[in-house]
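**Student:** Sequence isn't available, so here's the structure alone:
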């Protein structure tokens, strides 16, 4: 883009782009927690500030990639549903597209797979997920990168001008074709029809740009302008897009048809509504629960639904850090950065195939001895390679040694030090991520150093002080007895029968759950947790956070009860839970603006 064009664009876009919303703080005004700017992304101590106003992770959050604070599995305590049948949709915060949603959307919109969001700043994460609206601010740097990406995407798009336009400017006339393009491109980009005022502004921008830069460049500038607007970058739900008021519930309205279309598509595919979904919205065919669930069932058969479900699990269970694992080269000479990447690939493939091609329930996720890996990772595991040099393929693992998610090498390696397994972090993972029971933070004067590696002692022996030291015991009794059940797995997640020349003791114990008792090894632990209602309820809560971009409040008690009851009735079927989410008050309705 030449200097003259860039200046023209900069002046004309002021009323169109996200820069028009940036204030001195560099944040975009939102609707949650209330009118005004979104909550600050960081607290005074450097922690991420969550929806409750407290520092997320102050009692056990981990550090995500790049030092972003990752919120804990737990959230606010929500009471019982006391008014069943009374509409209570809770809040519907303003939600900016995540980087994944941005890349998927521009790919669907323009047919390009350049993934520009990979160059954007790392996203804030809260309560495990990158889509929590409360902490998603826009910095000056991110706004500038939105502009650069939009400009680049616009240039790429006009390389196939007629394909972008959808009409022939010679046959139809340039201005008529431009008008058709603005209508069609605007509908897809904003996920709803343009208002008359929006179309007028875009047409005026086109005419001004065409007069100085020519037709093709004017189309490119319009496309780039649209990709910088809040209407594209945010999932906006306004008075103009609202559905009808609910007469029996003052202050409650239906989510409008285009709002429901976006809610469906971004939940199930992390992308914009496809043509069929936009068509259903235009025809008024998303007005009933039955119509909504029919579209949800269709979307769950698409490849992008697999990506959305994998993304949820990757964030909830922190697959993201698997590819960055480092281990002591002396103790684990065959472990390489490439193997670390394959471990993350295995975890994602396991989730995808178990849910979409297998039983699809929490029991299978926690108990299946079958995994998916390429030849190199299979050789690292010490099992027969599946004959797949690159892509993961099904591999049967010893049923006495492996139990689904719990014994994936990447997960076990991620909850270890570079030289030894760590029963504390392994136990914490079970307690926090799978049971939604976040142990309290250690006392300020507690020694939180991991015991030094001593090859003459077993891991259990090295960590024994936690059981005898009164300052440690109160917290560690919640984690260590669970973590000791993973003693058959070393710091890279490989099976071992002996450690320090002694037989491994893999006995552990669960307390404070609905499946309390002792167990011997991770396979028995997987059987216990696979039968746990508390685990299924925890998974439901995590899906609530992911689906609605926020944590639960008291207004969500009935929605959560509805989802938990249905999820347990389905024996933990994940796809059934996703369909159930689309039938809740929080999904189908919202408060009047």
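**Tutor:** Structure's in. What do you need? On a predicted model such as this, the values are computed, not experimentally measured, just so you know.
**Student:** contacting residues around residue 408?
**Tutor:** 343, 346, 347, 350, 371, 493 (CB atoms under 8 Å, 6 or more residues apart in numbering). In short, each C-beta sits where N, CA and C put it, glycine included.
**Student:** Touching, residue 483 and residue 422? I think so.
**Tutor:** Yes - counting by CB atoms under 8 Å, residue 422 is a contact partner of residue 483 at 7.2 Å.
**Student:** On the three-state scheme, residue 519 is what?
**Tutor:** With DSSP: H, G, I helix; E, B strand; the rest coil as the basis, residue 519 sits in strand.
**Student:** what residues does the top helix by length along the chain touch?
**Tutor:** When the chain is parsed with DSSP state H, its longest helix is helix 337-356. Helix 337-356 is contacted by residues 305-306, 309-310, 313-314, 317, 319-320, 322-326, 360, 364-365, 368, 371-374, 376-377, 380, 392, 394, 404-405, 408-411, 413, 493, 574-575 when judged by CB under 8 Å, 6+ apart.
**Student:** For it, buried residues please.
**Tutor:** 339-356 (16 or more other CB atoms under 10 Å).
**Student:** After it, which helix or strand is next?
**Tutor:** helix 362-367 (DSSP states H and E).
**Student:** right, and residue 107 touches residue 117 too?
**Tutor:** No - if you go by CB under 8 Å, residue 107 and residue 117 don't touch, sitting 10.6 Å apart.
**Student:** In terms of neighbours, single out the busier of the two.
**Tutor:** Neighbour count, other CB atoms under 10 Å: between residue 107 and residue 117, residue 117 has more, with 21 against 16.
**Student:** which residue sits closest to the more buried one, ignoring its sequence neighbours?
**Tutor:** Leaving aside its chain neighbours, residue 117 sits nearest to residue 99 (3.7 Å; criterion: CB to CB, 6 or more residues apart in numbering).
**Student:** Give me the three-state assignment for residue 231.
**Tutor:** Reduced to three states by three-state DSSP, residue 231 is helix.
**Student:** before we move on, the earlier item: show me which of the contacts of residue 408 is closest to residue 516.
**Tutor:** Nearest to residue 516 among the contacts of residue 408 is residue 493, at 26.5 Å by CB to CB.
**Student:** Ramachandran coordinates for residue 440?
**Tutor:** Note on residue 440: its backbone torsions stand at phi -70, psi 160 [degrees, to the nearest 10].
**Student:** Return the members of the contacts of helix 337-356 classed as buried.
**Tutor:** For the contacts of helix 337-356, buried by 16+ other CB under 10 Å: 305-306, 309-310, 313-314, 317, 319-320, 322-323, 325, 360, 364-365, 368, 371-374, 376-377, 380, 392, 404-405, 408-411, 413, 493, 574-575.
**Student:** Just the pLDDT for residue 37.
**Tutor:** With respect to pLDDT, residue 37 has a value of 24.
**Student:** which intervals of the protein have sub-threshold pLDDT?
**Tutor:** 1-77, 445-448, 465-471 (pLDDT under 70).
**Student:** hmm, what's the outermost residue in it?
**Tutor:** Here the chain reaches farthest from its C-alpha mean at residue 171, the gap being 45.7 Å by CA atoms, centre = their mean.
**Student:** OK, contacts around residue 232?
**Tutor:** Applying CB under 8 Å, 6+ apart, the residues contacting residue 232 are 189, 190, 226.
**Student:** so how far is residue 268 from the nearest residue to the second one once chain neighbours are set aside?
**Tutor:** When you say that, I think you mean residue 190. Spatial nearest neighbour of residue 190, excluding adjacent residues (CB to CB, 6+ apart): residue 231 at 4.5 Å. Separation of residue 231 from residue 268 (CB to CB, to the nearest Å): 22 Å.
**Student:** Repeat that for residue 376.
**Tutor:** 33 Å.
**Student:** just the helices in the stretch 401-550 of the chain please.
**Tutor:** 409-414, 423-429, 459-462, 465-468, 470-476, 480-483, 522-530, 533-548 (DSSP state H, counting those that start in this stretch).
**Student:** Residue 146: which of those helices is closest?
**Tutor:** helix 533-548 (23.7 Å).
**Student:** Next SSE downstream of that closest one?
**Tutor:** With DSSP H and E, the next secondary element past helix 533-548 is helix 557-569.
**Student:** Next, the angle from that next one to helix 533-548.
**Tutor:** 120 degrees (axes from the mean of the first three to the mean of the last three CA atoms, to 10 degrees).
**Student:** tell me how far the following helix or strand past helix 557-569 is from the chain's mean position?
**Tutor:** Where DSSP H and E defines the elements, the next helix or strand beyond helix 557-569 is helix 574-581. Helix 574-581 sits 16 Å away from the centroid of its parent chain (CA atoms, centre = their mean, to the nearest Å).
**Student:** ok, and what's touching helix 574-581?
**Tutor:** Applying CB under 8 Å, 6+ apart, the set of residues contacting helix 574-581 is 267-268, 293, 296-297, 300, 309, 355-356, 360-362, 365, 539-540, 543-544, 547, 562-563, 566-567, 570, 587.
**Student:** leaving aside the residues next to it on the chain, what's closest to residue 412?
**Tutor:** residue 493 (3.5 Å).
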